[in-house]
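Chemist: What shape does this take:
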Amino acid sequence: MSVECNPEFKILLIDDEPAWLRSLSMTLEGPGGFTHLMQTDDSREVMSLFQQHDIGVVLLDLTMPHFSGVDLLKSIVAEWPTVRVIILSGMNQLETAVNCMRAGAFDYFVKTVEEDRLLDGVRRAVRMVELERENHAIRRRLLSRELEHPAVFADIITQDAAMLAVFSYLESIASSRQPLLILGESGVGKELIARAAHQLATPRGPLVSVNVAGLDDNIFADTLFGHRRGAFTGADQERSGMVERAAGGTLFLDEIGDLSAASQVKLLRLLQEGEYYPLGSDIPCQSRARIICATHQDLALALQEGRFRKDLYYRLHAHQLRIPPLRERRDDIPLLLNYFLHDCAKQLHKPIPRVPPELATLLKTGKFPGNVRELHSMIHDAVSRHQGGILSLASFLERLDSPHEPLVAAGENPFPGLGGLPTLRQASEWLVDAAIERANGNQSLAARLLGISQPALSKRLKHRRFSPGQRA
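Modeler: Predicted structure coming up:
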């Protein structure tokens with residue numbers, strides 16, 4: 001069974017033989033793992049069932065009293081074109097199968113077909129309906145700029161357009177059972193995004209988080225899949241794994257880019273087949289959890305270097321998003337500053353400190369390789385030191401090693417490739433202008449960007465104001 005085999009919509013079984021319906025239902029529920037099943041042995045009830053329930057896939061017998069399977073097929077295709085109809089017939093006739101496919105059937109099986117082939121056909125139909133619904137939801141979300149569930153994202157402080165696009169994408173795939181891959185540098189908030197995706201899915205189970213970095217294959221298997229009593233030395237009691245604990249909810253696997261080759265195989269089986277083996281057991285268990293994975297690594301590069309399996313890489317491509325680093329959304333820094341100041345003051349039982357007006361501008365010049373987590377740590381440290389009055393810039397200046405990204409590598413001369421060279425005065429003026437612009441007019445910060453003192457910068461600006469022909 002694949003993880004996505006339990007869709008939100010219903011699978012309707014239609015046959016006038018109750019015994020066959022029971023047998024088919026047992027096959028779908030047991031080996032197939034489907035749970036949202038409906039059945040009827042009266043063809044006259046079918047249209048009313050469609051009006052009362054969300055039905056996505058139909059398994060339809062051809063020969064029935066009142067309305068034949070062919071009549072029902074035509075009515076379903078006409079009135080509910082997004083529904084996938086699989087014909088199940090006791091007759092192995094090529095002409096009948098061709099006519100049904102022309103009439104709009106998704107597939108055609110003889111009732112004596114092998115169980116695996118039938119289940120594979122149902123899975124393909126389910127996946128087709130899910131993809132169409134997801135595509136429709138994505139199109140609808142792209143046309144609408146309003147979030148349907150803004151409260152879900154309340155813990156993620158942002159006004160950045162790229163982040164808001166991530167929120168819209170999460171809403172559009174909320175009902176999907178396919179795995180979600182979250183990419184982003186350390187500290188950008190991947191677990192917050194995973195939590196939001198979990199809440200949007202309206203789960204029946206919990207969010208279970210596991211950081212798999214550094215886990216060897218045995219610990220990885222035991223952590224995720226659990227073990228049976230006697231599976232290894234010291235296994236005195238049976239223990240359930242994280243997959244079982246996340247049943248009906250979400251299993252969040254952080255840093256999957258660090259998995260060993262053997263563990264990648266186990267994760268692939270879990271994603272692809274929806275089943276796993278507890279240590280010490282040869283009987284597979286079915287997964288009832290949605291899988292969300294995250295990594296800070298470049299998986300495409302890891303794939304090229306042979307450190308990550310190609311089949312797992314593409315299996316994780318069903319739904320994928322990238323969280324932009326803080327340096328790509330610097331306009332969020334004032335919002336985050338205000339939020340963290342209040343949060344840290346509350347945690348430390350201190351009054352909220354007054355902030356110097358240049359602090360937000362100073363922070364915007366930072367590189368923040370640790371992203372939002374680093375900013376939070378920086379603000380927490382400053383509030384911890386704060387004794388009253390206006391918050392000091394000292395702790396921030398200590399931790400902002402270099403206020404801007406270097407334009408060129410150390411020791412590299414940027415001028416040889418230029419067709420002409422600026423004069424020393426021109427170059428100096430351009431540097432000053434750029435620094436003033438980046439510092440939003442704050443001379444203290446501009447001087448720091450230039451590596452000179454504030455009085456020295458003030459002197460240069462004053463000289464320009466009084467020099468004939470020079471800009472102020």
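Chemist: and this structure, what are its domains?
Modeler: Domain ranges of the chain: 3-138, 149-324, 327-399, 424-466, per automatic domain parsing.
Chemist: Which of those domains sits closest to P416?
Modeler: When the domains of the chain are compared by C-beta to C-beta, domain 424-466 sits nearest P416, at 14.6 Å. For every residue, glycine as well, the C-beta is placed using N, CA and C.
Chemist: For H319, which residues are in contact?
Modeler: By C-beta atoms under 8 Å, 6 or more residues apart in numbering, H319 lies in contact with I173, S176, Q178, P179, L180, L181.
Chemist: Let me know the pLDDT of it.
Modeler: We have a pLDDT of 91 for H319.
Chemist: what is the mean pLDDT for stretch 443-453?
Modeler: Stretch 443-453 carries an average pLDDT of 76.
Chemist: go on, stretch 102-115?
Modeler: Averaged over stretch 102-115, pLDDT sits at 90.
Chemist: One more: stretch 293-300?
Modeler: 94.
Chemist: can you redo the domains of the chain as TSV with distance to P416?
Modeler: As requested, the domains of the chain are exported to TSV (distance: least, C-beta to C-beta, whole Å):
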stretch	distance to P416
domain 3-138	49
domain 149-324	31
domain 327-399	27
domain 424-466	15
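Chemist: comparing those domains, which gets the lowest mean pLDDT score?
Modeler: Minimum mean pLDDT among the domains of the chain: domain 424-466, a mean of 78.
Chemist: Work out the gap between that domain and the centre of the chain.
Modeler: In terms of C-alpha atoms, centre = their mean, to the nearest Å, the centre of domain 424-466 is found 44 Å from the chain centre.
Chemist: same deal with stretch 381-393?
Modeler: On C-alpha atoms, centre = their mean, the centre of stretch 381-393 falls 37 Å from that of its chain.
Chemist: Now list the buried members of the contacts of H319.
Modeler: Buried members of the contacts of H319, counted by 16 or more other C-beta atoms under 10 Å: I173, S176, Q178, P179, L180, L181.
Chemist: rewinding a little: which of the contacts of H319 fall in helices?
Modeler: Counting by DSSP state H, no part of these is found in helices.
Chemist: out of the residues you listed, what pair is the most spread apart?
Modeler: S176 and L181 (12.5 Å).
Chemist: which one of the buried ones among the contacts of H319 is nearest L445?
Modeler: Set against L445, the nearest of the buried ones among the contacts of H319 by C-beta to C-beta is L181 (38.7 Å).
Chemist: OK, contacts around the closest one?
Modeler: Neighbouring residues of L181 by C-beta under 8 Å, 6+ apart: I292, C293, A294, T295, L316, H317, H319, Q320, L321.
Chemist: are any of those residues buried, and which?
Modeler: Members of the contacts of L181 classed as buried by 16+ other C-beta under 10 Å are I292, C293, A294, T295, L316, H319, L321.
Chemist: Tell me which two in those residues are the farthest apart.
Modeler: Pairwise distances among those were taken by C-beta to C-beta; the largest, 14.5 Å, belongs to T295 and H319.
Chemist: what about the strands in the stretch 101-250 of the chain?
Modeler: For the stretch 101-250 of the chain, strands defined by DSSP state E, counting those that start in this stretch occupy the ranges 107-110, 180-183, 207-211, 226-227, 239-240, 250-254.
Chemist: any chance of those strands in JSON lines, plus distance to A302?
Modeler: Listed next are these as JSON lines, based on distance: least, C-beta to C-beta, whole Å:
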{"stretch": "strand 107-110", "distance to A302": "38"}
{"stretch": "strand 180-183", "distance to A302": "12"}
{"stretch": "strand 207-211", "distance to A302": "18"}
{"stretch": "strand 226-227", "distance to A302": "28"}
{"stretch": "strand 239-240", "distance to A302": "31"}
{"stretch": "strand 250-254", "distance to A302": "16"}
